[in-house]
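Q: starting from these lines, generate the structure:
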Amino acid sequence: MYITRFRINYNNPFINIRSFIMAKKCEICGKGPITGNHVSHAHNKNRRRWLPNLQRVRMATKGGNSVHVKVCTRCLRSGEIVKPA
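A: You can find the predicted model right below:
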């Protein structure tokens, strides 16, 4: 493919860019990253992000098919995902 390790070749007309750039967001509850400060012992503040614990799992649909979704572990534990048989 035209993808390097950390970069996508945006000049290639055959690659759909949206398929590579995905949000770090749960597709069930919408939980996403939050921001804040990392505070050192000397009280220096640097900006940082806390990312949700997302897992890519297969979920059963109403038609009997299965799709891959990115869900947080809280949605997995609470049983909001029905896994295919």
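Q: Val69 sits in which helix or strand?
A: strand 66-72 (DSSP states H and E).
Q: give the contact list for the residue nearest the centre of the chain.
A: Note on the chain: the residue nearest the mean C-alpha position is Lys24, at 3.3 Å, using Cα atoms, centre = their mean. Contact partners of Lys24, counting by Cβ atoms under 8 Å, 6 or more residues apart in numbering, are Gly32, Pro33, Leu51, Pro52, Leu54. Quick note: C-beta positions are derived from backbone N, CA and C, even for glycine.
Q: where in this structure is pLDDT low?
A: 1-22 (pLDDT under 70).
Q: quick one, helices of it?
A: Listed in chain order, the helices of the chain (DSSP state H) span residues 73-78.
Q: how close does the nearest residue to Arg58 once chain neighbours are set aside get to Leu51?
A: Distances taken as Cβ to Cβ, 6 or more residues apart in numbering put Ser66 closest to Arg58, at 4.6 Å, once the chain neighbours are dropped. For Ser66, the distance to Leu51 equals 26 Å [Cβ to Cβ, to the nearest Å].
Q: please consider this matter closed, and thank you.
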